[in-house]
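Trainee: model this:
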Amino acid sequence: MRAVVALVFVCFVIACTAALPARASDKKEKEKEKAAPLQAVDSGSFGIFIKGQRLATETFTIHQQNATSTIQSELKQENGPATQKSDLVITSNGQILRYEWSQGTDGSLTVLPKDEFLIEKITSASFTKPAEQSFLMPNTSVILDNNFFVHREVLAWRYLASDCKQDGGAFKCERVAGDFGVLVPQDRTSLHIRMELVGAEKVNIRGSERELLRLNLKGDNVDWALWVDDHDQFKLMKVAIPADNTEVVRD
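Mentor: Residues are numbered from 1 along each chain as shown. Got it, this is the predicted structure:
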């Protein structure tokens, strides 16, 4: 594992800051929070390949301001007009504030927390009125929508921040698997998944061999491998989905 700066980056969606003592009476601190500038955490694009052919590109940005992070993404097919957009807003301890997805005029959906539920509202050209579905899930559940791989990057950061601790000035990872409740809004379904740190591996990225950290993501009908770069703020570099002959590679 790398230096303190790297893990601070990882912790941007985790409850690390929430565990610190609150200073509600400190007016100066409140003023600083209000004045905090918008911070760019990550941005870029992923190429989505099936059987070696590039079929789509996901372009994404992650910004943080005060205790709120916004993850925005756009998915474009290589040969087709279809464009999907997603917008996820979460707090520093991973609580969902809002999720939105849309595909042109074909339809859209939103997910909002309400009490002990996540409420999904779906609008479609084929519906006479919006449909609504409730999921008995806490607001700290994970959004992993179809085709938006930046959501997997955020999950990897969340897992690593819980598994890796500071020990004598260095960070050490216990490699204990983490279990997460997940909502897949486009499928209108929830599931449980497990993430586990495997360790360093040499991986081919666009013709060059790189040493990256491998994470396994498993669940019902889910068996993925993810690789993050511990030399560059644990950014997601590659995803392999063998069952679908699919690879996702950061451009």
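Trainee: What distance do you get for the closest residue to R210 other than its chain neighbours to L236?
Mentor: Spatial nearest neighbour of R210, chain neighbours left out: V203 (5.6 Å); criterion: CB to CB, 6 or more residues apart in numbering. Where you see a C-beta, it was placed from the backbone N, CA and C, and this is true even at glycine. Separation of V203 from L236 (CB to CB, to the nearest Å): 12 Å.
Trainee: is it true that D187 touches L144?
Mentor: No: judged on CB atoms under 8 Å, D187 makes no contact with L144 at a distance of 10.0 Å.
Trainee: Quick one: the helices in the stretch 1-150 of the chain, in order.
Mentor: Using DSSP state H, counting those that start in this stretch, the helices found in the stretch 1-150 of the chain span residues 4-10, 27-34, 150-163.
Trainee: By mean pLDDT, show me the worst of the ones you listed.
Mentor: Mean pLDDT is lowest for helix 4-10 among the helices of the stretch 1-150 of the chain, at a mean of 40.
Trainee: picking that back up, and D187 and L144? which has more neighbours close in?
Mentor: L144 (22 against 11; other CB atoms under 10 Å).
Trainee: ok, the more buried one touching L155?
Mentor: Yes: contact criterion CB under 8 Å: L144 and L155 qualify, at 6.7 Å.
Trainee: Quick one: mean pLDDT for stretch 216-232?
Mentor: Stretch 216-232 comes out at a mean pLDDT of 96.
Trainee: Would you mark the buried spots in it?
Mentor: Within stretch 216-232, the residues that qualify as buried are 217, 219, 224-230, counting by 16 or more other CB atoms under 10 Å.
Trainee: which helices and strands sit right next to the strand or helix carrying the residue nearest to R210?
Mentor: In the assignment (DSSP states H and E), V203 maps to strand 189-205. Counting contacts by 3 or more CB pairs under 8 Å, 6 or more residues apart in numbering; DSSP states H and E, strand 189-205 is packed against helix 150-163, strand 178-184, strand 208-219, strand 222-229, strand 235-241.
Trainee: Quickly run through the sheet partners of that strand, with directions.
Mentor: Strand pairing for strand 189-205, using DSSP bridges, gives strand 178-184 (antiparallel), strand 208-219 (antiparallel).
Trainee: Give me the angle between it and strand 222-229.
Mentor: Counting by axes from the mean of the first three to the mean of the last three CA atoms, to 10 degrees, strand 189-205 points 50 degrees away from the direction of strand 222-229.
Trainee: relative to helix 150-163, how tilted is strand 189-205?
Mentor: Computed by the same axes, to 10 degrees, the angle between strand 189-205 and helix 150-163 is 90 degrees.
Trainee: how far off strand 235-241 does strand 189-205 point, in degrees?
Mentor: 110 degrees.
Trainee: buried residues in strand 189-205?
Mentor: 193, 195, 197, 203.
Trainee: Could you save the residues you listed as a markdown table and add columns showing distance to G168 and pLDDT?
Mentor: Putting these into a markdown table (distance: CB to CB, whole Å; pLDDT from 0 to 100) gives the following:
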| residue | distance to G168 | pLDDT |
| --- | --- | --- |
| I193 | 32 | 97 |
| M195 | 26 | 98 |
| L197 | 20 | 97 |
| V203 | 30 | 96 |
